[in-house]
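S.K.: compute the structure for the input listed below.
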Amino acid sequence: VSTLHLSGPVEAMAFLDGDTLVVYVRDTPYLSYFDLRDDMKQTNHSLNVAGPTGKSDTHVSFAVLQLQPSPCGKFLACATDTSRQIIMEAHTTNQVRNLYGHVNDGFSTPKIGWSSNGQYLLGNTQEDTSVCVWDISSGSIVQRLGGNGGGHSGQIRDVCSSPVSNTFVTASYDKTIKVWLPPM
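M.R.: Modelled structure (predicted):
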């Protein structure tokens, strides 16, 4: 058993390529990558876009509450508590896309999942009981599922997507799990 000691509470973590653990620690401006093959070597990648000087801020105004690798493993989706999902290029500081159009704040539990082809990101919103579907290439919400019937009667607590099909499931405060088979 190995123990990693961090500077604060862990909010989110995920495996990339089987041997890399990605961790977000609250109140830090970076994602920490730990190489499990190289004595837990830690590399930090800023969540901030570099400014004109080439340097990144040392503060972020959001917390990452879930990390989700893309099906191909080249990207990492970050669900934040500020109505923003960030698509990062894995192992870099490169922000590929910022996704907006939903509502999450410090009291919400944002959850996300990828479509099996990596073209879409699915996520909950605290403004209603729908599932937002973002097109990664455009950055736009292209569909809201379940908001007008067929969905949950309570807030969605979790989203889990299949890596081999477009099936995904949602769990809600209404004490139900819905299995979705959307055409994507």
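S.K.: only C-alpha atoms from now on, for both contacts and neighbour counts.
M.R.: Will do.
S.K.: other residues contacting stretch 37-52?
M.R.: With contact meaning C-alpha atoms under 8 Å, 6 or more residues apart in numbering, stretch 37-52 is reached by 19, 29-35, 56-57, 60, 91-95.
S.K.: which two from those residues end up farthest apart in space?
M.R.: Distance extremes for the contacts of stretch 37-52: the farthest pair is 19 and 57 at 28.8 Å, using C-alpha to C-alpha.
S.K.: what about this protein, any weak spots by pLDDT?
M.R.: Low-confidence regions of the chain, defined here as pLDDT under 70, cover residues 50-56, 148, 184.
S.K.: quick check: the closest residue to residue 22 other than its chain neighbours vs residue 138, distance?
M.R.: Excluding the flanking residues, the one nearest residue 22 by C-alpha to C-alpha, 6 or more residues apart in numbering is residue 33, at 4.6 Å. Going from residue 33 to residue 138 by C-alpha to C-alpha, to the nearest Å gives 28 Å.
S.K.: now swap in residue 166 and tell me
M.R.: Note on residue 166: its distance to residue 138, by C-alpha to C-alpha, is 19 Å.
S.K.: do the same with residue 36
M.R.: 35 Å.
S.K.: tell me which of residue 166 and residue 138 has more neighbours.
M.R.: Per other C-alpha atoms under 10 Å, whichever of residue 166 and residue 138 has more neighbours is residue 166, with 17 against 11.
S.K.: many thanks, I have nothing further to ask.
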